[in-house]
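Novice: Model the following, please.
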Amino acid sequence: MFGISGGEFIVLILAAFFLIGPEKLPQVTRDLARLINKVRALANNATAELRENLGPGYEDLQVEDLHPKKLIARHLNEALDQPVAEISEISQSAKIDPDLL
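Specialist: A predicted model of the protein is given here:
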């Protein structure tokens, strides 16, 4: 969890216990949990708004997909798929009947 080993986690808990005090520690942990939940909700709402504003084709958008390399690769694949489909459609319709020659 966050790159923290078990021993480091115990040291952090003990440091919090001594710095905050045993009587305030439960309230501080509740406040911290609420803060984490609010940050998660904010991130989820931002992602949902981004999906909505980008329009069709982005319903399955993940935050990792916004990496520039992945975004460019996705657009290039979409741009290249359309001409390939058109070429195959033209080749299907352009077959010449040998009896007509």
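Novice: And the helix or strand of the chain with the lowest mean pLDDT, what's buried?
Specialist: For the chain, using mean pLDDT, DSSP states H and E, the weakest element among its helices and strands is helix 68-93, scoring a mean of 75. Neighbour counts over helix 68-93 (16 or more other Cβ atoms under 10 Å) mark no residue as buried. In this view, the C-beta of every residue, glycine as well, is placed from N, C-alpha and C.
Novice: Residue numbering should commence at 56 henceforth.
Specialist: In the new count, where the first residue is 56, that last one comes out as helix 123-148.
Novice: So which elements touch that helix?
Specialist: For helix 123-148, there is no helix or strand it packs on, judged by 3 or more Cβ pairs under 8 Å, 6 or more residues apart in numbering; DSSP states H and E.
Novice: what about the protein, any weak spots by pLDDT?
Specialist: 56-57, 139-140, 146-156 (pLDDT under 70).
Novice: Could you break it into its assigned domains?
Specialist: If you go by automatic domain parsing, the domain ranges for the chain are 64-116, 117-148.
Novice: chain center to the first one: distance?
Specialist: When C-alpha coordinates are averaged (Cα atoms, centre = their mean, to the nearest Å), domain 64-116 and its chain have centres 17 Å apart.
Novice: Straight-line length of it, end to end?
Specialist: Start-to-end span of domain 64-116 (Cα to Cα, to the nearest Å) is 34 Å.
Novice: would you list the domains of the chain in CSV and tack on distance to Gly58?
Specialist: Converted to CSV, the domains of the chain look like this (distance: least, Cβ to Cβ, whole Å):
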stretch, distance to Gly58
domain 64-116, 11
domain 117-148, 19
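Novice: which one's the longest helix in this protein?
Specialist: Counting residues, the longest helix in the chain under DSSP state H turns out to be helix 80-109.
Novice: Which residues in that helix does the neighbour count mark as buried?
Specialist: Within helix 80-109, no residue counts as buried by 16+ other Cβ under 10 Å.
Novice: For that helix, name the packing helices and strands.
Specialist: If you count contacts as 3+ Cβ pairs under 8 Å, 6+ apart, helix 80-109 packs onto helix 61-75.
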